[in-house]
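> my questions concern the predicted model and sequence given below.
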Amino acid sequence: MSQENNKSELINLAGVVDNYIVKEQLDGQLQKINLGPTHPSTHGIFENHILMDGERIVSSSSTVGYIHRAFEKISERRTYAQITTLTDRLNYCSSPINNMGWHMTMEKLLGIKVSKKIDYMRIIIMELARIADHLVCDSVMGVDTGALTGFTYMFQDREKIYDLYEQVCGARMTTNIGRIGGFERDFSPKFHQLIREFIADFPKRLEEFASLLERNRIFMDRTIGVGGISAERALNYGFTGPNLRAAGVDYDVRVMSPYSSYDDFDFIIPIGTAGDAYDRFMVRLQEIRESFKLIKNAYENLPEGNYHEDVPDFYLPDKPDVYNSMEALIYHFKIIMGETKIPTGEVYNSVEGGNGELGFYLVSDGGRSPYRLHFRRPCFIYYQAFEELVKGQMLSDAIIALGSLNVIAGELDA
Amino acid sequence: MDNQFVLQLLTDEFGDSILRAYEPDGILTLEIKDEAVLPLVEFVKKHTIKIDFLTDICGIHYPDHKGAELGVIYHLHSFINNFRLRLKTYLSIDKPDVDSLTSLYSGANWMERETFDFYGINFKGHPNLKRILNMEEMEYHPMLKQYQLEDATRTDKDDAMFGR
């Protein structure tokens, strides 16, 4: 086979016969590279078939589904209280946000209104989760560009956030935090001590991390102009969250349709202009600062009150009560067996997750499990733009573009 | 801009195609004929109401609705007016064809592939309609209700005991 034929065959293989190929006057052979599947503990399992012309990417195609766990199908069999643990495993970098989003979806379906105290407790936990999520993304971007130090610094603070979760729910990674109608327990004295320490220490440590990368020439050279997308294309692709804001659209669910009393607080929605990796980094960094402000404000203004609403049909009673009180035992049994009455109806509820609009579309037919539950996973929707983002860029830029999108495999595959 | 206004506007334009309009959770929900999906989505995208963000596409299966077993549910959003619109269309399981939205929204690509993967809905005009999350060798569409999730550990418990 002549070289010419081989080339055109490869071009057809990639499905791209566009200006790029014609313009560039290829002299070398096109080369196919398998990027991934990588180990799940790195960025998650991603597989990309990348067609290279020398150093440049001509096209790429992504394969997803390696950790697909059929959550939507499983949730059609489970009781409503059991679904919280499935949501943990969507975006596992910020699982409390997913948990709260699910509880709020249920509260919307059941018509439960929770008190300010619970709202503020939720804001504290959700914003801690957002900080943890963004810290991972930003510090790992440093690792991708060759700066390991910031990562080791910020993981200490992520640990502190996990210690805080531990005080509220007992778990660290897959939290299963909160209940329908509130929390399983009040903030403990240890929690108060830890969060005061966190509020006192965190800004200094964050600024130390920021100063490592924010105006770092090498980091800027590696990230500016990498994986950029225009606001128009980003909207067309269904981007939400920090990646959309980096492209210059100030859409934030917390502000657009406030839930959990977010409208009580002042905070800024940072936006970028170019939508490239550096803008995404900067938007996330600024969001960490805004989240910190929210935590501080919510904690200082935390109202007195009960940590859960009085909804015995749905709120799992305290364990000591189950052993000592007849009513609590009955309700405990009913909730665990899924025997409480659930209204029929359908609800779409969304929260601002770590990566964008995390939506829950729930159809209930009155049975003990949802008739249909669909998760709108922001990662799944924006990851399809990856092909367009990296076209014409270097292979090393593709890694940074992937890291800056903060694609979480758990959320991608559901 | 409220539900009433948008409903009036769309009724004037697509009166014959709107089968039912209701607001289950405050979001205007329209059941429309399958051939109206593409024109209606295009209309609300280009019109000054600017419902131009595709939030989500998902499928649903009602085995008992003869002739309209499969449903496709679209969530649309207008950032400028902060208005959400939900569209539903029901298809026969023998011929589950509906127009693809990929010509309007690039983001519809994977959402439709996912819906095809789980429900077998055929999106006409989709550039690459193949399975996305399940393996390609799979021969059925797993979210259909006839494929029960088996509870591997329990043989003593069946739903009849609990009245549902």
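Ah, there it is. Residues are numbered from 1 along each chain as shown, chains lettered A, B, ... in the order given.

> what sits against residue 143?
As the question left the chain open, I've gone with chain A. A:F151 (C-beta atoms under 8 Å, 6 or more residues apart in numbering or on different chains). For every residue, glycine as well, the C-beta is placed using N, CA and C.

> ah, I was thinking of chain B
So B:M143 contacts A:E72, A:K73, B:G59, B:H61, B:F118, B:Y119 (C-beta under 8 Å, 6+ apart).

> give the full set of residues in contact with the last one.
By that I understand B:Y119. By C-beta under 8 Å, 6+ apart, the contact set of B:Y119 is B:G59, B:I60, B:H61, B:L70, B:P96, B:H141, B:M143, B:L144.

> may I have the phi/psi pair for the third one?
So the one you mean is B:H61. phi -130, psi 120 (degrees, to the nearest 10).

> and if you look at the first one?
Per-residue torsions, B:G59: phi -110, psi 170 (degrees, to the nearest 10).

> run through the bridge partners of it.
Taking DSSP bridges, one obtains B:V72 as the residues bridged to B:G59.

> might one say that it is in contact with B:F118?
Yes: using C-beta atoms under 8 Å, B:G59 is in contact with B:F118, at 6.2 Å.

> and the residue of chain B found nearest chain A, how far is that from A:R122?
In chain B, no residue comes nearer to chain A than B:G107, which is 3.1 Å away by C-beta to the nearest C-beta. According to C-beta to C-beta, to the nearest Å, B:G107 and A:R122 sit 29 Å apart.

> remind me which residues of chain A are low pLDDT?
A:1-28, A:40-44 (pLDDT under 70).

> grab the most central residue of it for me.
Closest residue to the average C-alpha location of chain A: A:G354 at 3.3 Å, with C-alpha atoms, centre = their mean.

> what sits against it?
A:N91, A:C93, A:S94, A:I97, A:A129, A:R130, A:D133, A:H134, A:G241, A:N406, A:I408.

> from B:D99, how far out is it?
From A:G354 to B:D99 the distance is 34 Å (C-beta to C-beta).

> in a helix, that's where A:L206 is, yeah?
Yes: counting by DSSP: H, G, I helix; E, B strand; the rest coil, A:L206 falls inside a helix.

> that one reaches A:E290, doesn't it?
No: with contact defined as C-beta under 8 Å, A:L206 and A:E290 do not form a contacting pair (11.8 Å).

> stretch B:58-65: end-to-end distance?
Using C-alpha to C-alpha, to the nearest Å, one end of stretch B:58-65 lies 18 Å from the other.

> all helices for chain B, in order.
Under the criterion DSSP state H, chain B contains helices at B:3-14, B:37-46, B:108-119.

> deepest of those helices, which one?
helix B:108-119 (a mean of 24; mean count of other C-beta atoms under 10 Å in any protein chain shown).

> same question for it, mean pLDDT?
Regarding helix B:108-119, the rounded mean pLDDT is 95.

> name the residues of the stretch 151-300 of chain A found near chain B, please.
Applying C-beta under 8 Å from any C-beta of the partner chain, we find that the stretch 151-300 of chain A lies next to chain B at A:R233, A:L235, A:N236, A:Y237, A:G238, A:F239, A:V249, A:Y251, A:M256, A:S257.

> any of these buried? List them.
Buried residues within those, counting neighbours by 16 or more other C-beta atoms under 10 Å in any protein chain shown: A:R233, A:L235, A:N236, A:Y237, A:G238, A:F239, A:V249, A:Y251, A:S257.

> show me which residues of the stretch 1-150 of chain A sit near chain B.
A:V64, A:G65, A:H68, A:A70, A:E72, A:K73, A:I74, A:E76, A:R77, A:K108, A:L109.

> can I get these in CSV including secondary structure and neighbour count?
Listed next are these as CSV, based on DSSP: H, G, I helix; E, B strand; the rest coil; neighbours: other C-beta atoms under 10 Å in any protein chain shown:
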residue, secondary structure, neighbour count
A:V64, coil, 23
A:G65, coil, 19
A:H68, coil, 16
A:A70, coil, 17
A:E72, helix, 20
A:K73, helix, 15
A:I74, helix, 15
A:E76, coil, 19
A:R77, coil, 14
A:K108, helix, 19
A:L109, helix, 24
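
> how about the residues you listed in a markdown table, adding distance to B:F123?
Below are the residues of the stretch 1-150 of chain A next to chain B laid out as a markdown table (distance: C-beta to C-beta, whole Å):
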| residue | distance to B:F123 |
| --- | --- |
| A:V64 | 18 |
| A:G65 | 18 |
| A:H68 | 20 |
| A:A70 | 22 |
| A:E72 | 19 |
| A:K73 | 21 |
| A:I74 | 26 |
| A:E76 | 23 |
| A:R77 | 28 |
| A:K108 | 30 |
| A:L109 | 30 |
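
> for residue 32, name its beta-bridge partners.
This is for chain A. Beta-bridge partners, per DSSP bridges, of A:K32: A:L51.

> actually it's chain B I care about, not the one you picked
Under the criterion used (DSSP bridges), B:I32 bridges to B:I18.

> that one and B:Y90 touch, don't they?
No: the criterion here is C-beta under 8 Å, and B:I32 misses it with B:Y90 at 9.4 Å.

> from A:L135, how far out is A:F375?
24 Å.

> and B:Y74, what does it touch?
B:Y74 sits next to B:V37, B:V41, B:L54, B:D56, B:I57, B:R86, B:L87, B:K88, B:L101 when contact means C-beta under 8 Å, 6+ apart.
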